[in-house]
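*Asks:* Sequence plus predicted model, see below.
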Amino acid sequence: MRPRRTRGLPVAAGLRGLSLRARLVLFTTSTLVVVCTAMAVATVLVQRHQLVADMDARVREAVARMQGYVQYGAPDATDLGFLNEHGHRTGTVGARMADGEITAAEVVTPDGRHRALTAAQRDALAGLAVGGSPRTRTLPGLGVYRVTAVQGDGGAAVVAGLPMDGVQETLSSLVVTEAVIASVGLAGAACVCAVGIRRQLRPLGRVAATAVEVARAPLSRGEITQLTRVAAADTDSRTEAGRVGAALNHLIDRVESSLSERQRSEDRMRRFLADASHELRTPLASIAGYAELMGRGAAQVEPHVVWRRISAQSTRMTGLVEDLLLLARLDEGRPLEKAEVNLTTLVAEAVWDAQAAGGGHLWELALRLDEPATVTGDAARLHQVVANLLANARAHTPPGTTVTVAVEATDTHCVIRVRDDGPGIPPALLPSVFERFTRADASRSRVTGQGGGSGLGLAIAAAIAQAHAGRIDVESEPGRTEFAVTLPRATAPPHVPPASPAPATPATAP
Ligand SMILES: Nc1ncnc2c1ncn2[C@@H]1O[C@H](COP(=O)(O)OP(=O)(O)OP(=O)(O)O)[C@@H](O)[C@H]1O
Ligand SMILES: [Mg+2]
């Protein structure tokens with residue numbers, strides 16, 4: 001994926017190295033600064049507008065009074081007699097203007113008299129529009145004035161001006177007050193934000209610390225236990241940080257369980273390899289021993305006996321290697337043959353084979369011939385499952401034991417049951433009986449080639465059942481041991497007319 005470019009590059013580039021906390025404080029404070037400034041500017045503008053409007057009213061009032069002044073004698077374009085009237089406040093400017101030129105101008109001094117304006121001050125007043133709205137003019141040495149001109153009698157216009165220093169002072173003090181309040185307020189707000197944000201982000205910091213600690217743990221080998229978790233207080237799903245904490249804990253749980261599963265399977269594999277090599281070593285050692293005897297031409301050993309022993313050991317090894325190979329293939333998940341297999345026929349044949357092998361056991365078959373028990377699968381492998389169970393029933397029970405084999409079919413499944421009334425599986429062995437190389441008497445000598453197997457029979461049966469999407473269960477107590485192989489049924493049972501009742505008939509194998 002291409003990395004997304006951040007817009008507004010200069011700012012974004014500046015922020016890139018900052019922590020989330022710093023960014024949040026910066027963002028909040030700058031927003032506050034913008035809002036405060038906007039409010040302050042708006043207040044000053046509104047206030048200024050108001051003050052200037054008041055000022056204009058006063059200027060108009062002053063000019064109206066001057067206009068109402070009655071000149072005695074012939075009209076004089078330089079007469080400023082209206083300034084002699086009472087009520088003009090200090091700083092008031094009065095002037096006469098003809099053709100835009102100031103003909104006379106004076107200012108009221110603090111002692112109530114008047115002083116003539118300088119030429120520069122008069123020039124500043126020149127050019128006023130007669131009858132227009134008041135204007136702002138700066139009179140050098142006197143300050144900023146609000147001035148207006150109206151038509152007087154005798155052709156000369158009357159000009160009045162009032163100093164704006166009051167307005168200016170009010171606005172300046174307003175600006176100063178606002179600046180002080182805003183600075184103090186903003187500094188306070190920034191501190192509160194910084195503290196608040198730091199507090200709110202603290203759980204996130206703890207979650208990050210946990211993540212860092214877990215990332216540092218050596219996960220690549222060995223048994224992984226007790227990885228650190230985010231504390232329960234930081235996994236409240238109502239908060240964002242809590243959700244991150246909970247998700248991290250969930251992730252750590254998953255990592256821990258998959259790592260322990262990996263460790264378990266590594267241990268299993270190691271044990272399996274050790275067991276397999278051990279099993280193979282015994283017959284190999286025995287063959288090597290006999291070969292040496294033969295080589296030495298030892299007189300006390302009959303060659304045909306030695307030959308029989310070597311042959312028995314190599315048969316045993318071949319069987320073991322074939323079992324291991326089959327297990328490896330099943331583990332690998334290689335596809336099995338898929339054909340319709342009639343379990344009734346398969347089980348009957350296997351029981352006949354077992355009976356033919358002898359051993360002094362009593363074999364019974366319980367089959368429902370009216371109900372076909374068909375599964376889809378590999379006939380040879382399924383035969384092996386039954387053969388292994390029957391071999392166990394023969395090998396691990398004394399002669400005279402009755403072995404009953406039944407096939408049942410439900411709508412969805414077929415079940416093969418192999419039951420015997422032998423001594424049962426030792427309780428200590430029962431939980432792990434389907435594991436590889438599990439057998440009751442592990443110390444039994446294989447050198448003689450008699451009796452026990454390698455402990456792979458049930459593991460193979462379970463793996464084959466699993467490869468057919470089925471399973472194998474066992475129940476065992478002295479006098480009753482039952483293995484049940486459950487496999488999914490091939491198709492829905494064909495409709496059987498309910499005319500002839502078909503009882504389950506325990507049949508003794510021929
Ligand atoms: N029907 C049974 N009655 C009593 N014990 C049994 C029975 N079936 C299995 N067991 C016990 O379970 C163990 C494991 O059986 P499994 O078939 O896996 O191995 P095995 O028979 O010893 O060797 P293998 O089948 O590889 O030749 C046996 O060694 C035996 O102790
Ligand atoms: Mg067996």
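*Replies:* Perfect, thanks for sending it. Residues are numbered from 1 along each chain as shown. Ligands and ions are numbered 1, 2, ... in the order given.
*Asks:* need the longest helix for the protein.
*Replies:* Secondary structure of the chain per DSSP state H: the longest helix is helix 240-296.
*Asks:* Report the distance from that one to the chain centre.
*Replies:* Distance of helix 240-296 from the chain centroid (C-alpha atoms, centre = their mean, to the nearest Å) equals 32 Å.
*Asks:* Which residue, other than its chain neighbours, is closest to whatever residue of the chain ends up closest to ligand 2?
*Replies:* Ligand 2 sits closest to residue 457 of the chain, with a gap of 2.7 Å, by C-beta to the ion. In short, each C-beta sits where N, CA and C put it, glycine included. Closest residue to residue 457 apart from its sequence neighbours, by C-beta to C-beta, 6 or more residues apart in numbering: residue 388 at 4.2 Å.
*Asks:* Quickly find the element holding the one you found.
*Replies:* Residue 388 is part of helix 379-395, with elements assigned from DSSP states H and E.
*Asks:* What are the contacting residues of that helix?
*Replies:* 336-337, 339, 341, 343, 346-347, 349-351, 353-354, 357, 359, 361, 375, 401, 403, 405, 416, 418, 420, 422, 451-453, 457-458, 460-461, 464-465, 467-468, 472, 481, 483, 485, 487 (C-beta atoms under 8 Å, 6 or more residues apart in numbering).
*Asks:* for stretch 170-187, same thing?
*Replies:* Stretch 170-187 has contacts (C-beta under 8 Å, 6+ apart) with 29, 32, 33, 36, 37, 40, 43, 44, 47, 48, 51.
*Asks:* Tell me how many other residues crowd the fifth one.
*Replies:* The reference is to residue 37. Neighbourhood size, residue 37 [other C-beta atoms under 10 Å]: 14.
*Asks:* host element of it?
*Replies:* Secondary structure assignment for residue 37, by DSSP H and E: helix 20-67.
*Asks:* Quick one: mean pLDDT for that helix?
*Replies:* Across helix 20-67, pLDDT averages out at 93.
*Asks:* From the contact counts, what lies against it?
*Replies:* If you count contacts as 3 or more C-beta pairs under 8 Å, 6 or more residues apart in numbering; DSSP states H and E, helix 20-67 packs onto strand 143-151, strand 157-163, helix 165-216.
*Asks:* Next secondary structure after it?
*Replies:* From helix 20-67 onward toward the C-terminus, using DSSP H and E, the following helix or strand is strand 93-98.
*Asks:* So which bits of the following helix or strand past that next one are buried?
*Replies:* Following strand 93-98 in sequence order, the next helix or strand is strand 101-108 (DSSP H and E). Across strand 101-108, burial judged by 16 or more other C-beta atoms under 10 Å covers 102, 103, 104, 105, 106, 107, 108.
*Asks:* now swap in stretch 128-144 and tell me
*Replies:* Applying a neighbour-count criterion of 16+ other C-beta under 10 Å, the buried positions in stretch 128-144 are 128, 134, 135, 137, 139, 142.
*Asks:* which outside residues touch that stretch?
*Replies:* Stretch 128-144 is contacted from outside by 55-56, 59-60, 91, 93, 97, 100, 107, 117-118, 120-121, 124-125, 145-151, 157, 159, 161, 163-165, 168, using C-beta under 8 Å, 6+ apart.
*Asks:* Give the PyMOL command for selecting the buried subset of those residues.
*Replies:* Buried subset of the contacts of stretch 128-144, written as a PyMOL selection, criterion 16+ other C-beta under 10 Å:
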select buried, resi 55+56+59+60+91+93+97+107+117+121+124+125+145+146+147+148+149+150+157+159+161+163+164
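*Asks:* hang on, the earlier thing: now, the contacts of helix 379-395 that are in helices?
*Replies:* Among the contacts of helix 379-395, the members falling in helices (DSSP H) are 343, 346-347, 349-351, 353-354, 457-458, 460-461, 464-465, 467.
*Asks:* So which bits of the stretch 351-500 of the chain are right by ligand 1?
*Replies:* Residues of the stretch 351-500 of the chain lying near ligand 1 by C-beta under 6 Å from any ligand atom: 388, 392-393, 395-397, 420, 422, 424-425, 429, 433, 438-440, 452-459, 481.
*Asks:* Please report the distance of residue 435 from residue 414.
*Replies:* To residue 414, residue 435 is 25 Å away according to C-beta to C-beta, to the nearest Å.
*Asks:* Could you check which of these two is surrounded by more residues?
*Replies:* Legend: neighbour count by other C-beta under 10 Å for residue 435 and residue 414, higher for residue 414 (24 against 16).
*Asks:* helix, strand or coil for that one?
*Replies:* Secondary structure, DSSP: H, G, I helix; E, B strand; the rest coil: residue 414 is strand.
*Asks:* contacting residues for the closest residue in space to it that isn't next to it in sequence?
*Replies:* Of all residues not flanking residue 414 in the chain, residue 373 sits nearest, at 4.2 Å (C-beta to C-beta, 6+ apart). Contacts for residue 373 were tallied using C-beta under 8 Å, 6+ apart; they are 342, 343, 344, 407, 408, 409, 414, 489.
*Asks:* Domain-wise, how is the protein divided?
*Replies:* When the chain is parsed with automatic domain parsing, its domains come out as 9-216, 219-334, 336-442+454-508.
*Asks:* excluding its backbone neighbours, what's nearest residue 468?
*Replies:* Spatial nearest neighbour of residue 468, chain neighbours left out: residue 377 (4.6 Å); criterion: C-beta to C-beta, 6+ apart.
*Asks:* what about the one you found, distance to residue 414?
*Replies:* With the distance defined as C-beta to C-beta, residue 377 ends up 10 Å from residue 414.
*Asks:* ok, residues contacting stretch 324-333?
*Replies:* Residues outside stretch 324-333 that contact it (C-beta under 8 Å, 6+ apart): 276, 436, 456, 459, 460, 463, 464, 466, 467.
*Asks:* tell me which of the residues you listed is nearest to residue 77?
*Replies:* Nearest to residue 77, judged by C-beta to C-beta, of the contacts of stretch 324-333 is residue 466 at 123.1 Å.
*Asks:* and the closest one, how many neighbours?
*Replies:* As a burial measure, residue 466 scores 13 neighbours (other C-beta under 10 Å).
*Asks:* do residue 171 as well
*Replies:* Residues lying near residue 171 (other C-beta under 10 Å) number 17.
*Asks:* Around ligand 2, pick out the residues from this structure.
*Replies:* By C-beta under 5 Å from the ion, the residues of the chain that approach ligand 2 are 392, 453, 457.
*Asks:* Recalculate using a threshold of 6 Å.
*Replies:* Counting by C-beta under 6 Å from the ion, the chain comes close to ligand 2 at 388, 391, 392, 453, 457.
*Asks:* Next, count neighbours for the last one.
*Replies:* Residues contacting residue 457 under the criterion other C-beta under 10 Å number 22.
*Asks:* What's the local residue count around residue 53?
*Replies:* Neighbour count of residue 53, defined by other C-beta under 10 Å: 10.
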